[in-house]
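> For reference, the sequence and a predicted model appear below.
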Amino acid sequence: MLGNMSNPVKKVPIHLQSSQNRLLIKNGKVVTEDDVFDEDVYIEDGIIKQMGRNLIIPGGTRVIDARGNYLLPGGIDPHTHFDFEFMGTRSVDDFYTGTKSAIAGGTTMIIDFVFPKEGESLLDAFYEYRRKADGKVCCDYSLHVCLPTWSAHVQRDMETLCKEHGVNSFKMFMAYDFMLDDGQLYSAFEQCQKLGAIAQVHAENGPVIAKNAERLLAQGITGPEGHELSRPEELEAEAVNRACVIAKQVDCPLYVVHVMSRSAAKKVAEARDDGGRVYGETLAAALGTYGARSEHECFRHSAGHVLSPPLRPDPATPDCLMTCLALDVLQLTGSDNCTFNKSQKELGIENFTKIPNGVNGVEDRMSVVWEKGVHAGIISPSRFVAVTSTNAAKIFNLYPKKGCIAVGSDADIVVWNGNAVRTISAQTHHQAVDFNIFEGMQCHGVPEYVIVSGRVCLEEGQLRVAEGHGHFVDTPVFAPYVYEPEKMAELKPTRNGPAVPAVEPLELEDDFRLMKVQHDYILASTHEPDSVHTPIGKGARPEGQRNIQESTFSLSEELDTDRKSSIRVRNPPGGKSSGFW
Ligand SMILES: NC(=O)NCCC(=O)O
Ligand SMILES: [Zn+2]
């Protein structure tokens, strides 16, 4: 037992307590979840001390000119698995390469998952994760804790973790060998509710997946395409619905990790419409790819892209999920970064059920969401901030320390060039993994500077991180956003001066109708996206919001061709698989 490990004090050496700790970022456009405005930001000792114009600051302060760029709150990735022993192997990105890569892409905080080994208590597993992470993290981090079993002991440890160790979220699985049954989920949700924690679920119907996999293998379908075939999206949707129903019985807030399909998003939408405290996270992988290596290839699964729930063959899925983020059907984006090298993926070369599940994303999430969201015209820069940072901070009770640019907040800031373009490649990424699921993708949206706790860690393409400089950050229970939303107004940082309008004044009537049509569409239509009809004419729309008439919900010829090719894969000749890579 390591005692109370929360927030160990790391002394700043005297030579660093100088002007090096002072930074002024001038001329940038500050973006918050609901505002965009021109202000300078002055940072001292890792904290935002002043914001405004013509600030009076000490001499010798370093100045960064952010003219033409946005200032974003550093990304918070609420879903990573660094140094994770899983499916007979270990993920290759550890807390050093993982957080270093995160920073390279504009993410300044991650939340990883403690996963107890068989027979290990939650507390021991938590201490082990702290030991693995503390000396390695280059940015701040927090921990969720997974519950691979249910018992009185687990129940007690949950309480200790919440009361003494800064944990406020527990993840349950509805698939894999370590899934909980419905009764156990009920008990775990009940305990979360009592403690003021948040229940998280990996929602897929595990027993049905196991049966499907058995049948497919018996038919000779052994390749990676069997992964998605055994886990069709209705099994995700069914489990999301079940989890929402169970959580409702005990009034427990529920966070659905990695919503990967339209059908699952629809279940989240229904639960939220029904008044449920349900939050949905989707992944960079699901927004940036769709079960093919690129949008220009026919539907094909490869071992490198295997994660659970799987990438969906429906090419409309990424746009649908992005629209769900725009409409607040979904609230967050994570990476679920859980990387395995090619040689590890080959553990499943003869049997798709043995392919270690997981993909990269911690480095590329911000660029992918910008490209597919803001650059594509589906979300505004403010909504980008909400879904990449602010909402995670609010749900896990880190706000306003994290997730916003405001006086008193941690100086985790990204100077973001929304027009610069980069091409994602394993040749240039900072992750330890030897391939990248977004290989070749061109993304607008590049971090020019990444400032982590007041330190400039990325500038002019040069990454200078400090191993072990990040801290564990407590996530206190009873997050106001989740448990007492009426208190959020008090927490919201105030600012001086009027906002600089970032968007044309909206014609609210049209905007509302657009949102309504899209929302109804998600709820109403699962399989016939081209049947959508919208009465909306030209009208104004929010900045970055694409008119639904331009949406790929209307499937084109080309996309239909892709879908047909997917049918071929579903019935491979002679039951043979279509190749591993
Ligand atoms: N998602 C995935 O395939 N791998 C990571 C483990 C998990 O989140 O289920
Ligand atoms: Zn995960």
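Everything's here; your move. Numbers count the residues shown, from 1 in each chain. Ligands and ions are numbered 1, 2, ... in the order given.

> pLDDT of stretch 198-205, averaged?
What stretch 198-205 shows for mean pLDDT is 98.

> Equivalent analysis for stretch 64-73, please.
Here stretch 64-73 scores 98 as its mean pLDDT.

> what's the spacing between that stretch and its chain's center?
23 Å (Cα atoms, centre = their mean, to the nearest Å).

> Go through it and flag the buried ones.
Neighbour counts over stretch 64-73 (16 or more other Cβ atoms under 10 Å) mark Ile64, Ala66, Asn69, Tyr70, Leu71, Leu72, Pro73 as buried. The C-beta positions use only the backbone N, C-alpha and C, and glycine is treated the same way.

> Name the nearest of those residues relative to ligand 1.
Of all these, ligand 1 sits closest to Pro73, with 25.0 Å by Cβ to the nearest ligand atom.

> Contact partners for the closest one?
Listed by Cβ atoms under 8 Å, 6 or more residues apart in numbering, the contact set of Pro73 reads 31-32, 385, 389-390, 393, 402-405, 409, 412-414.

> So which residues on the stretch 101-250 of the chain come close to ligand 1?
Contact residues (Cβ under 6 Å from any ligand atom) of the stretch 101-250 of the chain with ligand 1: His202.

> repeat for the stretch 351-500 of the chain
Asn357, Gly358.

> Show me where the stretch 351-500 of the chain has its helices.
Using DSSP state H, counting those that start in this stretch, the helices of the stretch 351-500 of the chain run over 365-369, 381-385, 391-395, 480-483, 488-491.

> same deal with the stretch 51-200 of the chain?
Going by DSSP H, counting those that start in this stretch, the stretch 51-200 of the chain shows helices at 95-104, 122-134, 152-164, 182-195.

> okay if I get these as JSON lines plus mean neighbour count and mean pLDDT?
Below are these laid out as JSON lines (neighbours: other Cβ atoms under 10 Å; pLDDT from 0 to 100):
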{"stretch": "helix 95-104", "mean neighbour count": "28", "mean pLDDT": "98"}
{"stretch": "helix 122-134", "mean neighbour count": "19", "mean pLDDT": "98"}
{"stretch": "helix 152-164", "mean neighbour count": "16", "mean pLDDT": "98"}
{"stretch": "helix 182-195", "mean neighbour count": "19", "mean pLDDT": "98"}
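
> Is Leu122 in contact with Leu161, as I believe?
Yes. Assessed by Cβ atoms under 8 Å, Leu122 is found in contact with Leu161 at 6.3 Å.

> Would you mind grabbing the residues shared as contacts by those two?
Val145.

> quick one: the closest residue to ligand 1 within the stretch 401-550 of the chain and Leu283, what's the gap?
Residue of the stretch 401-550 of the chain nearest ligand 1, by Cβ to the nearest ligand atom: Ile437 (11.8 Å). For Ile437, the distance to Leu283 equals 10 Å [Cβ to Cβ, to the nearest Å].

> same question, Asp274
Distance, Asp274 to Leu283, using Cβ to Cβ: 25 Å.

> remind me which residues of the stretch 251-400 of the chain are low pLDDT?
290-300 (pLDDT under 70).

> Could you tell me how many residues sit around the closest residue to ligand 1 within the stretch 101-250 of the chain?
Closest residue of the stretch 101-250 of the chain to ligand 1, Cβ to the nearest ligand atom: His202 (5.2 Å). By other Cβ atoms under 10 Å, the residues close to His202 number 22.

> Backbone dihedrals for the residue positioned nearest the centre of the chain, please?
Taking Cα atoms, centre = their mean as the criterion, Gly334 is the residue nearest the geometric centre of the chain, at 1.0 Å. Dihedral pair for Gly334: phi -120, psi -180, per degrees, to the nearest 10.

> Many thanks, have a good one.
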